[in-house]
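> Provided below are the primary sequence and the corresponding predicted coordinates.
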Amino acid sequence: QVQLVESGGGLVQAGGSLRLSCAVPGRSYYAMGWFRQAPGAEREFVASISWTGLNIEYDDSVKGRFTISRDNAKNMLFLQMDSLKPEDTAVYYCAADTSSGSAYSTHRSPLAYHNWGHGTRVTVSS
C-alpha cells in the first residue's frame, strides 16, 4: 500500500493562511480528498476533488475559505486554507481513492478512500 505524505502544517494566527501539500508517490489516483481530526473528535470530511479536477466538493464549514487542487503530472494534491479560524485546528489527512475507476467522482465518506497519509498538524491561535 502506497503511503501518502502530507506537509505544510504549522501554527498560524486566526485570519492567516496555510497551504497543505500531499505527495502521491508513483501514480495518480481517482478521487482525492482532505479530512481532518480535532482532539477528541471524529475524523471529518473537508474537501474532495475528482481525477479530472472538474468536480469538487467542500464541507460547508470551509466553503469559500479553502481551495482544493491537484497536479496529476506531479502526483500532488493541495489544500489552500485562507481566513483560518481556531476551529480549523486539527490534524489534516490526505486520502486517495484507488479503486472506483471514475475520473469524475468525488467522495465525502472516508470509506471510499484506500490510501491515507499520516497527517500534518494545523494549529490556529485566536
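Nice, thanks for sending it over. Numbers count the residues shown, from 1 in each chain.

> among the helices and strands of this protein, which has the poorest mean pLDDT?
Least confident element among the helices and strands of the chain, by mean pLDDT, DSSP states H and E: strand 115-116 (a mean of 93).

> just checking, what packs against it?
Counting by 3 or more Cβ pairs under 8 Å, 6 or more residues apart in numbering; DSSP states H and E, the packing neighbours recorded for strand 115-116 are strand 90-96. For every residue, glycine as well, the C-beta is placed using N, CA and C.

> neighbours of D60, how many?
Neighbour count for D60, taken as other Cβ atoms under 10 Å: 6.

> cool, E6 as well?
Counted by other Cβ under 10 Å, the residues lying close to E6 total 22.

> I'd guessed it sits against A96; true?
No. Using Cβ atoms under 8 Å, E6 is not in contact with A96; the gap is 11.8 Å.

> before we move on, the earlier item: direction included, what does the least confident helix or strand of the chain pair against?
Here strand 115-116 has these sheet partners by DSSP bridges: strand 90-96 (antiparallel).

> what's near enough to touch the residue most central in space within the chain?
The residue lying closest to the centre of the chain (Cα atoms, centre = their mean) is W34, at 2.0 Å. Contacts for W34 (Cβ atoms under 8 Å, 6 or more residues apart in numbering) come out as L20, C22, V46, A47, S48, I68, L77, L79, Y92, Y93, C94, A95.

> the helix or strand harbouring the first one: how far from the chain's middle?
Think L20. In the assignment (DSSP states H and E), L20 maps to strand 18-23. What separates the centre of strand 18-23 from the centre of its chain is 8 Å, taken as Cα atoms, centre = their mean, to the nearest Å.
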